[in-house]
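*Asks:* After the sequence you'll find the predicted model.
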Amino acid sequence: DGVLYIVATPIGNLEDLSRRAVAVLSGADVIAAEDTRHTRRLLDALGIDVPMLSFHEHNERERHEAILDRVAAGASVALVSDAGTPLISDPGYVLVRAARARGVRVCPIPGACAVVAALSAAGLPTDRFAYEGFLPGRRKARDERLAALRDDPRTLVFYESPHRIAGTLDAIVEHVGPERELVVARELTKAFETFYQGTAQVVRDQMLADDHGHRGEFVLMLAGQVPSEVPAGPGPDADQMLRVLLRDLP
Ligand code: SAM
């Protein structure tokens, strides 16, 4: 029977492609790629010559059934995105969901993923974290999302692009707070890999002052809110107030 392979590709450093990924890509009948020109460069570097078809967010809904028909007919299909793990802020969800509904075998080929790489070296708590992907593009929705996440105790992870990084850093300082601990991983696995760490205010100032600080690709990691030492619940003042109120009841 056919298999749909979900293959992780590098996020910057070609050496991060696993041997298993190379074997699966070489042996596939077809490679479904987010951007065929981009993936062609990777395949050329590896000396792999397998037919490709384009599969991205705009044709995912029309194309997925045809791809699954091929897998059901016995083909081995490999899904790749431009970088990292497919489905993680990348196309593939519609395809994998439909594959599972049809009983098609789906097999992950794990590898690079910016969230996990960033967390593994950030030094923030990783026992509980929440991946928030990209913040909404519109300012109001972005600010509301940050405000809603402010009290979350988990480490929060965001993806960000170069043209929005400055605005997002400002919004974090404003809506989460200047003192919250922030780590930003920039250009992971590439020549200019940099980690910025400190309070949100310090990291923002450092990155905006750095000539290259707003160029490249970013993972932002915010420490979760630390519960205050004072236990919650009614204190002596609340008890006192209740007694006064009860006294006045008939
Ligand atoms: N599927 C990918 C993964 O597994 O990480 C993510 C794809 S998403 C469209 C692209 C975003 O991932 C970038 O805007 C950036 O936030 C993050 N990213 C990807 N590669 C990165 C890298 N080398 N360094 C830092 N962030 C990266």
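*Replies:* Great, that's in hand.

*Asks:* Quick check: nearest residue in space to the residue of the chain at minimum distance from the ligand, chain neighbours excluded?
*Replies:* Here the chain gets closest to the ligand at one residue, Gly84, 2.4 Å apart by C-beta to the nearest ligand atom. C-beta coordinates here come from the backbone N, C-alpha and C atoms, glycine included. Closest residue to Gly84 apart from its sequence neighbours, by C-beta to C-beta, 6 or more residues apart in numbering: Ile11 at 4.7 Å.

*Asks:* so the one you found touches Ile88, yeah?
*Replies:* No: the pair Ile11 / Ile88 is not scored as a contact, 10.4 Å apart, by C-beta atoms under 8 Å.

*Asks:* ok, Val157 - contacts?
*Replies:* Contacts for Val157 (C-beta atoms under 8 Å, 6 or more residues apart in numbering) come out as Val115, Ala118, Leu119, Phe129, Ala130, Tyr131, Glu132, Val219, Leu220, Met221.

*Asks:* Just say helix, strand or coil for it.
*Replies:* strand (DSSP: H, G, I helix; E, B strand; the rest coil).

*Asks:* returning to what we had before: joint contacts of Ile11 and Ile88?
*Replies:* Cys113, Ala114.

*Asks:* So these two - more neighbours on which side?
*Replies:* The residue with more neighbours, out of Ile11 and Ile88, is Ile11; 22 against 17, by other C-beta atoms under 10 Å.

*Asks:* which SSE is that one in?
*Replies:* Assigned by DSSP states H and E, Ile11 belongs to neither a helix nor a strand.

*Asks:* Quick check: phi and psi at it.
*Replies:* As for Ile11, its main-chain torsions (degrees, to the nearest 10) stand at phi -110, psi 20.

*Asks:* near the ligand, which residues of the chain?
*Replies:* Contacts of the chain with the ligand, taken as C-beta under 6 Å from any ligand atom, map to 11-12, 81, 83-85, 88-90, 113-115, 159-161, 185, 187-190, 217-219.

*Asks:* Pull the distance from stretch 212-220 to the chain's centre.
*Replies:* On the basis of C-alpha atoms, centre = their mean, to the nearest Å, stretch 212-220 sits 14 Å off its chain's mean C-alpha point.

*Asks:* For the protein, which segments count as strands?
*Replies:* Counting by DSSP state E, the segments of the chain that form strands are 3-7, 30-33, 52-54, 76-80, 105-109, 129-134, 155-160, 181-186, 194-199, 218-222.

*Asks:* possible to save the ones you listed as JSON lines with mean pLDDT?
*Replies:* Formatted as JSON lines, those follow (pLDDT from 0 to 100):
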{"stretch": "strand 3-7", "mean pLDDT": "98"}
{"stretch": "strand 30-33", "mean pLDDT": "98"}
{"stretch": "strand 52-54", "mean pLDDT": "96"}
{"stretch": "strand 76-80", "mean pLDDT": "98"}
{"stretch": "strand 105-109", "mean pLDDT": "98"}
{"stretch": "strand 129-134", "mean pLDDT": "98"}
{"stretch": "strand 155-160", "mean pLDDT": "98"}
{"stretch": "strand 181-186", "mean pLDDT": "98"}
{"stretch": "strand 194-199", "mean pLDDT": "98"}
{"stretch": "strand 218-222", "mean pLDDT": "98"}
